[in-house]
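Asker: curious how this folds, go ahead:
(chains A, B, C and D)
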2 protein chains.
Amino acid sequence: MDDAVPSTPATGRTPRKPRQATVERRQEILRAAANTFGSKGYKTGSLAEVAEQVGITHAGVLHHFGSKEQLLIEVLEYRDKEDVENLEGKHIPGGLELFRHLERTVRANAHRRGIVQGYSVLTGESVTENHPARGWVRNRFTILRGEIAGAVMEVGEGRVPESLAALAASAIIGVMDGLQVQWLLDDSVDLPESTAFAIEAILAAAVAGSPRPYPLD
Amino acid sequence: MDDAVPSTPATGRTPRKPRQATVERRQEILRAAANTFGSKGYKTGSLAEVAEQVGITHAGVLHHFGSKEQLLIEVLEYRDKEDVENLEGKHIPGGLELFRHLERTVRANAHRRGIVQGYSVLTGESVTENHPARGWVRNRFTILRGEIAGAVMEVGEGRVPESLAALAASAIIGVMDGLQVQWLLDDSVDLPESTAFAIEAILAAAVAGSPRPYPLD
DNA sequence: ACGGACTTACTGACAAGTTAGTAAGTCGTG
DNA sequence: CACGACTTACTAACTTGTCAGTAAGTCCGT
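Answerer: Next comes the predicted model:
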């Protein structure tokens, strides 16, 4: 086990700060890995394929990240960091603003198939046994649900109970993810329109209250 | 290439009908494969693991199915056939009946985690490059969308345009699939309630017509 | 400003494991 | 007794990870 950047090896030596070229290289690798894992999945995407994209050997990749699993973890962290930077300043919105933001995002995603596929593949794979991204995906869902449920309650101005907001929040996330998969498999699915329609419908139903317009049971 | 059951080997011999024990054996293998592919995914689930479950070697499995990909295909066909048998007589319903049926199914699925995981894993994996189940999944979505869109229009009694029904149909399927994934990762998601709530909301919005209660753009 | 001491970023070869698929032979049964 | 259902034995291709070696960079004392 030798670490490229971090902690003291074993002797009491100081790690020395990484130079500029190194952090750029590592980012190149992270982007390549995101690309490979996104199209082939984590388990079937190989280190060799990642390495090839940046013109080194798979051993070179391992030099930087130590293991394939560690590479995945850093890919996920990198993505989180990027997301945060994209929202720099423009703090994550609440209330109706949040739903507008979601719709804009979906509309943008319709032109970034690679990103969408990467997300869908990883999410799907995460429900397999002992998948290393499981915790990350699960956590991401939890946070998202919280934010959306909060926004639903804001829009409902206190008349929407928390439990109902929770139902609506998970449904909204579900419809977004589920539609992405259908769209990836079949272009005839209108991703942005269908998503927007469903979000509005769910939001409206939540705000209108629990009484069901169509008794289904 | 030698086939277990079908075509003539090379000599002009007649294929001979398979004995009872054989077809049962093949079904055992199919169930085992569905199990393995469902929990580990197709690509990472191994023939050896499938074989072990029925007490033979991986070569034995290949004797019956010829290749791993063929095994997957027959698993999918087997599932289709089972689904059809489950609806024996009780032809697939339309109109409001269909939505009641969907809700019952989801409620039942909440007690059949294995089945749900199998479906989710395979669906997610199918969006990866050149996945052998891609066509099957895509086709399944197409058929489902058609059925649901038809039911939406029935409920709308001719007042719902086809394009709107299509949006609603893909959204309903999306929310069902997306919620399953969230539920698999986190039990705190109320799968049946959230699904039912969203279906009703989307259906109501579709029937109420296109004018959006909350202008989001 | 220079030269040794040390680190970093790799490569190429290899280890050790897993994989699907093949070929040949064995055995029981209809 | 022939054939179907296997097993055993094996191959070829990949997999991740380790290791030693090397070229290039950085740091520091003089």
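Asker: show me what from chain A comes close to DNA strand D.
Answerer: Residues of chain A lying close to DNA strand D (Cβ under 7 Å from any atom of the strand) are A:1, A:16-17, A:19, A:45-49, A:58-59, A:62, A:66-69. Just so you know, the C-beta spots here come from the backbone N, C-alpha and C atoms, and that holds for glycine as well.
Asker: what's the ChimeraX syntax to select whichever of these are buried?
Answerer: Typed into ChimeraX, the line below selects the buried ones among those, using 16 or more other Cβ atoms under 10 Å in any protein chain shown:
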select /A:45,47,49,62,66,68
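Asker: just the residues of chain A next to DNA strand D: which are in strands?
Answerer: Among these, DSSP state E puts none in strands.
Asker: helix/strand/coil for the most centrally placed residue in chain A?
Answerer: The residue lying closest to the centre of chain A (Cα atoms, centre = their mean) is A:Tyr119, at 5.6 Å. Three-state assignment for A:Tyr119 (DSSP: H, G, I helix; E, B strand; the rest coil): helix.
Asker: doesn't A:Gln180 make contact with it?
Answerer: Yes - the pair A:Tyr119 / A:Gln180 is scored as a contact, 7.3 Å apart, by Cβ atoms under 8 Å.
Asker: tell me the helix or strand right after the helix or strand hosting A:Trp136.
Answerer: According to DSSP states H and E, A:Trp136 maps onto helix A:134-155. Following helix A:134-155 in sequence order, the next helix or strand is helix A:162-185 (DSSP H and E).
Asker: that following helix near chain B at all?
Answerer: Yes - counting by Cβ under 8 Å from any Cβ of the partner chain, contacts between helix A:162-185 and chain B involve A:164, A:166-168, A:170-171, A:173-179, A:181-182, A:184-185.
Asker: okay, and which of the residues of chain A next to DNA strand D map to helices?
Answerer: Using DSSP state H, the members of the residues of chain A next to DNA strand D that fall in helices are A:Leu47, A:Ala48, A:Glu49, A:His58, A:Ala59, A:Leu62, A:Lys68, A:Glu69.
Asker: so which bits of the helix or strand bottoming out on mean pLDDT in chain A are buried?
Answerer: Lowest by mean pLDDT, DSSP states H and E among the helices and strands of chain A is helix A:68-86, with a mean of 92. Counting neighbours by 16+ other Cβ under 10 Å, one finds that the buried residues in helix A:68-86 are A:Lys68, A:Leu71, A:Leu72, A:Ile73, A:Glu74, A:Val75, A:Leu76, A:Tyr78, A:Arg79.
Asker: farthest pair in the residues you listed?
Answerer: Greatest spacing in those, by Cβ to Cβ: A:Lys68 and A:Arg79 (16.9 Å).
Asker: ok now stretch A:29-37, how far from the chain's centre?
Answerer: 14 Å (Cα atoms, centre = their mean, to the nearest Å).
Asker: alpha carbons of it, as CSV, please.
Answerer: The C-alpha coordinates for stretch A:29-37 follow below in CSV (Å, rounded to 0.1, in the frame of the first residue of the first chain):
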residue,chain,number,x,y,z
ILE,A,29,-8.2,10.0,-14.9
LEU,A,30,-11.3,10.8,-12.9
ARG,A,31,-13.1,12.1,-15.9
ALA,A,32,-12.1,9.0,-17.9
ALA,A,33,-13.2,6.7,-15.2
ALA,A,34,-16.6,8.5,-14.9
ASN,A,35,-16.9,8.0,-18.6
THR,A,36,-16.1,4.3,-18.6
PHE,A,37,-18.0,3.5,-15.4
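Asker: is any residue of stretch A:95-109 near chain B?
Answerer: Yes - for stretch A:95-109, a contact with chain B is found by Cβ under 8 Å from any Cβ, at A:Leu96, A:Phe99, A:Arg100, A:Glu103.
Asker: can you tell me what sits against the helix or strand that the least confident helix or strand of chain A is followed by?
Answerer: Going down the chain from helix A:68-86, the next helix or strand is helix A:95-109, by DSSP H and E. For helix A:95-109, contacts defined as Cβ atoms under 8 Å, 6 or more residues apart in numbering or on different chains pick out A:92-93, A:115-116, A:147-148, A:151, A:154-155, A:172, A:176, A:180, A:191-192, A:195-196, A:199-200, A:203, B:214, B:216-217.
Asker: the inter-axis angle of helix A:95-109 versus helix A:162-185?
Answerer: 10 degrees (axes from the mean of the first three to the mean of the last three Cα atoms, to 10 degrees).
Asker: name the helix or strand for the residue of chain A found nearest chain B, please.
Answerer: Of the residues in chain A, the one nearest chain B is A:Gly124, at a distance of 1.5 Å by Cβ to the nearest Cβ. Using DSSP H and E, A:Gly124 maps to helix A:113-126.
Asker: any idea how far stretch A:112-121 is from the chain center?
Answerer: 9 Å.
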